[in-house]
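J.: Okay, here's the prediction I keep looking at, along with the sequence it came from:
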Amino acid sequence: MYVAVKGGARAIENAHAWLAEERRGDPGVAELSVAQIRGQLTLAVDRVMAEGSLYDPDLAALAIKQARGDLIEAIFLIRAYRTTLPRFGAAYPVDTGAMACDRRISATFKDLPGGQVLGPTFDYTHRLLDFKLAAEGETPPAARAEPDPAAMPRVTEFLNQEGLIQGEAHIDTSPPDLTREPLEFPACRALRQQALTRGDEGFVLGMAYSTQRGYGRNHPFVGELRVGTCSVEMEIPELGFAIEIGEVELTECETVNQFAGSKTEAAQFTRGYGLVFGHGERKAISMALVDRALRWRELGEDDSGAPAQDEEFVLQHADNIQATGFLEHIKLPHYVDFQSEVELVRKLRAAVREAPDD
Amino acid sequence: MAKDAENAARRRWMGVLAKARPDRLAACVAALGPEPAHHWLRPPEVGAVMLRGRMGGTGAPFNLGEMTVTRCALRLADGTVGHGHVQGRDRQHARQAALIDALMQGARAPEVEAAVLAPLEAEAAGARRNRAAKAAATKVEFFTMVRGED
């Protein structure tokens, strides 16, 4: 059997040139700059950083431009770039309690210290197309008010003071890293969280939604959702002390879930936790719900057989780059594989034809 | 004790330099006049730092994803060593941060403080205040028919 192994080079080159032309679009329309994408498509940039697992808004914006707005393709570009970078080390865990909040809401306490701060939200908009945006115009400045110097304590802390919610053990072990060692099951919560925070938003959303619809129900309340900026601090060995090396925007969601308890142990709320790069509320809430669902074993709950409780199912399918890599590879040439299948079908058919009638 | 105070001061300015916008740092450094001669101990190198979060915000750590960082180290003619560790991939940002770190350890510290660190810090504080003011304007004031404390 003859298989052509060469001959596509010119076609590929021309395809890529056409791709570049299509990316540019109508030359009569101004070209989109990376700075415009970074500054005006910020939530797309945030998603690419979160799922690309690399915080660098300029690179994410470039990837979005190069990918013609295909965010999974952009995430792929960021993941590939990420592998070329030497790892300088790990920063201290971010202190989200000290976050400079743009937004902070609680669905469990109306009058909480620090208040309900809505921030730049789509909530309460009517989801009607705004045709004013189709015309260029000035944006009126946002209102300003005197900031409240009081701190914004965590909602879970109030509950914790009364012992109403399970505590989180403050330990400082170095967590395992799924980008360095292959994922093995059962995975610890730290590995699950790493997989979820870089997981596909649509997949994690679907899993979270399934728990709300009854497949591994865990009765979540959004105790607190906060969006804002946190400093990144890292120990520098040459200096012998830690310095701030930058700051990142993060979205954090803490859910308060139904109780665990027994005859001997007083009932307590349980918790789910989500933390993602950038402004990504849907993702952070989804992550918290799935985190909580996956904790069934340590919380002594039953495995109801729900997909969201199956960590192998969730973690093995949450990564959109792994998924799209395997899915899309089937469109690449499989001529030889297919030829062998054709041969097989022909043989089977011939065998039926030649078999003597009963 | 003196060493601790020195480290705290250095911690502060290295943080200001790391978080400064590269173009603003460059403008402030230009105001200092010609850059002093220096040679590389480690030329600027772009890499990644793994960021971490804590479960429930306060519990055990987990890996959140990486961040791009550029670092370098240089030595001035008088032997002072400056380090730069800055967010992003801007080599000039890291170089100028290291340069200012070195200058802040010498006799020119007051001048550098006034021309570079003070303005950068003021700008950062201004930007923070501005965002906090916009957030404050979106704080919900619930209407209550009877207030408990009245």
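T.: Done, it's in. Note that the structure is predicted; figures quoted are calculated from it, not measured.
J.: Tell me where the stretch 1-150 of chain A is predicted with low confidence.
T.: A:1-6 (pLDDT under 70).
J.: That one: strands as residue ranges?
T.: A:54-55, A:87-93, A:100-105 (DSSP state E, counting those that start in this stretch).
J.: Quick one, which of those gets closest to residue B:57.
T.: Set against residue B:57 and scored by C-beta to C-beta, the strands of the stretch 1-150 of chain A come closest in strand A:87-93, at 9.4 Å. In this view, the C-beta of every residue, glycine as well, is placed from N, C-alpha and C.
J.: Domain-wise, how is chain A divided?
T.: The record's domain parsing of chain A by automatic domain parsing lists A:9-82, A:96-120+A:152-168+A:176-324.
J.: how far does the longest one stretch from start to finish?
T.: Which is domain A:96-120+A:152-168+A:176-324. 33 Å (C-alpha to C-alpha, to the nearest Å).
J.: max-length helix in chain B?
T.: The longest helix of chain B (DSSP state H) is helix B:118-137.
J.: starting at the chain centroid, how far to it?
T.: Helix B:118-137 sits 15 Å away from the centroid of its parent chain (C-alpha atoms, centre = their mean, to the nearest Å).
J.: in that helix, what counts as buried?
T.: Using 16 or more other C-beta atoms under 10 Å in any protein chain shown as the test for burial, helix B:118-137 gives B:119-121, B:124, B:131-132, B:134-136.
J.: With adjacent residues omitted, what lies nearest to the residue of the stretch 201-350 of chain A found nearest chain B?
T.: Per C-beta to the nearest C-beta, residue A:246 is where the stretch 201-350 of chain A lies closest to chain B, at 2.8 Å. Excluding the flanking residues, the one nearest residue A:246 by C-beta to C-beta, 6 or more residues apart in numbering or on different chains is residue B:87, at 2.8 Å.
J.: The one you found - how many residues pack around it?
T.: For residue B:87, the count of nearby residues is 24 (other C-beta atoms under 10 Å in any protein chain shown).
J.: Is it correct that it is in contact with residue B:18?
T.: Yes - counting by C-beta atoms under 8 Å, residue B:87 does reach residue B:18; the two are 6.0 Å apart.
J.: how close does residue A:216 get to residue A:257?
T.: To residue A:257, residue A:216 is 12 Å away according to C-beta to C-beta, to the nearest Å.
J.: whoops, I mixed them up, residue B:137
T.: 33 Å.
J.: Same check on residue A:348?
T.: For residue A:348 relative to residue A:257 (C-beta to C-beta), the value is 55 Å.
J.: ok, the two, which is more surrounded?
T.: Just comparing residue A:348 and residue A:257: by other C-beta under 10 Å the higher neighbour count belongs to residue A:257, 23 against 10.
J.: now that one, which residues is it bridged with?
T.: residue A:270 (DSSP bridges).
J.: Quick check: closest non-adjacent residue to residue A:77.
T.: Per C-beta to C-beta, 6+ apart, closest to residue A:77 is residue A:63, 4.2 Å.
J.: quick one, what contacts that neighbour?
T.: Applying C-beta atoms under 8 Å, 6 or more residues apart in numbering or on different chains to residue A:63 gives the contacts A:48, A:52, A:73-75, A:77-78, A:81.
J.: Kindly indicate which of those residues lies nearest chain B.
T.: Nearest member of these to chain B, counting by C-beta to the nearest C-beta, is residue A:52, at 8.1 Å.
J.: thought the closest one was touching residue A:60?
T.: Yes - Residue A:52 lies in contact with residue A:60 (C-beta under 8 Å); the separation is 6.6 Å.
J.: Of these two, give the one with the bigger neighbour count.
T.: When neighbours are counted by other C-beta under 10 Å, residue A:52 and residue A:60 differ, and residue A:60 comes out ahead with 32 against 27.
J.: Could I get the contacting residues of that one?
T.: Going by C-beta under 8 Å, 6+ apart, residue A:60 touches A:38, A:45-46, A:48-49, A:52, A:54, A:74, A:78.
J.: likewise residue A:265?
T.: Taking C-beta under 8 Å, 6+ apart, one finds nothing in contact with residue A:265.
J.: Got the phi and psi for it?
T.: Per-residue torsions, residue A:265: phi -110, psi 130 (degrees, to the nearest 10).
J.: what does residue B:44 give?
T.: Here residue B:44 shows phi and psi, under degrees, to the nearest 10, equal to phi -50, psi 130.
J.: for the one 5 residues further on, same thing?
T.: Backbone dihedrals for residue B:49, given as degrees, to the nearest 10, come out at phi -120, psi 130.
J.: Same question for residue A:248.
T.: Backbone torsions of residue A:248, given as degrees, to the nearest 10, read phi -130, psi 150.
J.: Excluding residues flanking it in the chain, which one is nearest it?
T.: residue A:55 (5.3 Å).
J.: Can you name the residues bridging to that neighbour?
T.: With DSSP bridges as the criterion, residue A:55 is bridged to residue B:67.
J.: What number of neighbouring residues does it come out with?
T.: For residue A:55, the neighbour count with other C-beta under 10 Å is 29.
J.: which residues sit in contact with it?
T.: Going by C-beta under 8 Å, 6+ apart, the list of residues near residue A:55 reads A:49, A:248, A:277, B:51, B:65-68.
J.: How about residue A:111?
T.: residue B:142.
J.: Please tell me how far residue A:322 sits from residue A:199.
T.: Taking C-beta to C-beta, one finds residue A:322 at 10 Å from residue A:199.
J.: Looking at those two, which one has more neighbours?
T.: Set side by side, residue A:322 and residue A:199 show more neighbours around residue A:199, with 28 against 13, by other C-beta under 10 Å.
J.: Report the contact partners of the nearest residue to residue A:224 once chain neighbours are set aside.
T.: Leaving aside its sequence neighbours, residue A:224 sits nearest to residue A:155 (C-beta to C-beta, 6+ apart; 4.1 Å). Contacts for residue A:155 (C-beta under 8 Å, 6+ apart) come out as A:106, A:108-109, A:112, A:223-224, A:254, A:256.
J.: Can you say which of those residues are buried?
T.: Looks like the contacts of residue A:155 have A:106, A:108, A:112, A:223-224, A:254, A:256 buried, using 16+ other C-beta under 10 Å.
J.: any chance of those in a markdown table, with distance to residue B:29 too?
T.: What follows is those, written out as a markdown table (distance: C-beta to C-beta, whole Å):
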| residue | distance to residue B:29 |
| --- | --- |
| A:106 | 44 |
| A:108 | 49 |
| A:112 | 44 |
| A:223 | 46 |
| A:224 | 41 |
| A:254 | 42 |
| A:256 | 49 |
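J.: Return the subset of these lying in helices.
T.: Per DSSP H, helices hold no members of the buried ones among the contacts of residue A:155.
J.: Going by residue numbers, what spans are helices in chain B?
T.: B:2-19, B:22-30, B:91-103, B:109-112, B:118-137.
J.: Go through the fourth one and flag the buried ones.
T.: Taking 16+ other C-beta under 10 Å as the neighbour-count basis, helix B:109-112 is seen to contain the buried residues residue B:112.
J.: Using PDB, write down the CA coordinates of it.
T.: The C-alpha trace of helix B:109-112 is given here as PDB (Å, rounded to 0.1, in the frame of the first residue of the first chain):
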ATOM      1  CA  ALA B 109      19.600  57.300  48.700                       C
ATOM      2  CA  PRO B 110      17.800  60.600  49.700                       C
ATOM      3  CA  GLU B 111      17.900  61.900  46.100                       C
ATOM      4  CA  VAL B 112      16.700  58.500  44.700                       C
END
